[in-house]
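**Student:** next input, structure requested:
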Amino acid sequence: MSRLWVISRRQLQLGLAAIAFIMVSIAFIKYGALQLSEREAHAAPGETRILHMITGEFKTTLEDGKELETYLFHPGTVYAHDGEQVELRIRGVNGKQHDFVIEGLNKSGTIKKNEETVVTFTAKEGIYRIVCLTHADAAHEGPMIGYIVVD
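**Tutor:** Numbers count the residues shown, from 1 in each chain. Take a look at the predicted model:
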């Protein structure tokens, strides 16, 4: 004896919606876990953690025709763990030159367009500002500030 199942259009729509919801939920869970594991990963003992940043720029034209531009570090915040050897690599994308200091680490340098500047240090717990001296305030298309967070 064989049974015949009849599925209405409404039941089919609800079933497909439930399957889609489950698939999207799984994707968000996996993506979120991936982001967390990347952020929380430690460099292996004796290895150097490499952090990447770039210089960026936003431009707009105001209603009076005046151009407004501002510079930034991207990502605005990078993370390391206490005691790690860190190599911060900053590539110049926008702007001819950015002289900078890393407050609290006694590090400074210059980032030039299409070049990579490398700063090395041993991470100590705290939050450190990377301040572009070329774009330190609104009068100089800034403030251009990034952060290194060490926990």
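
**Student:** for the residue nearest to the spatial centre of the chain, list the residues it contacts.
**Tutor:** For the chain, the residue nearest the mean C-alpha position is residue 75 (3.1 Å; Cα atoms, centre = their mean). Contact analysis of residue 75 by Cβ atoms under 8 Å, 6 or more residues apart in numbering lists 53, 146. From N, CA and C alone the C-beta is placed, and that goes for glycine too.

**Student:** mind checking what helix or strand follows the top strand by length along the chain in sequence?
**Tutor:** For the chain, the strand with the greatest residue count under DSSP state E is strand 48-61. Heading C-terminal from strand 48-61, the first helix or strand you meet, by DSSP states H and E, is strand 67-74.

**Student:** mind checking how far that following strand is from the chain centre?
**Tutor:** Offset of strand 67-74 from its chain centre (Cα atoms, centre = their mean, to the nearest Å): 16 Å.

**Student:** tell me the angle that strand makes with strand 48-61.
**Tutor:** If you take axes from the mean of the first three to the mean of the last three Cα atoms, to 10 degrees, strand 67-74 sits at 170 degrees to strand 48-61.
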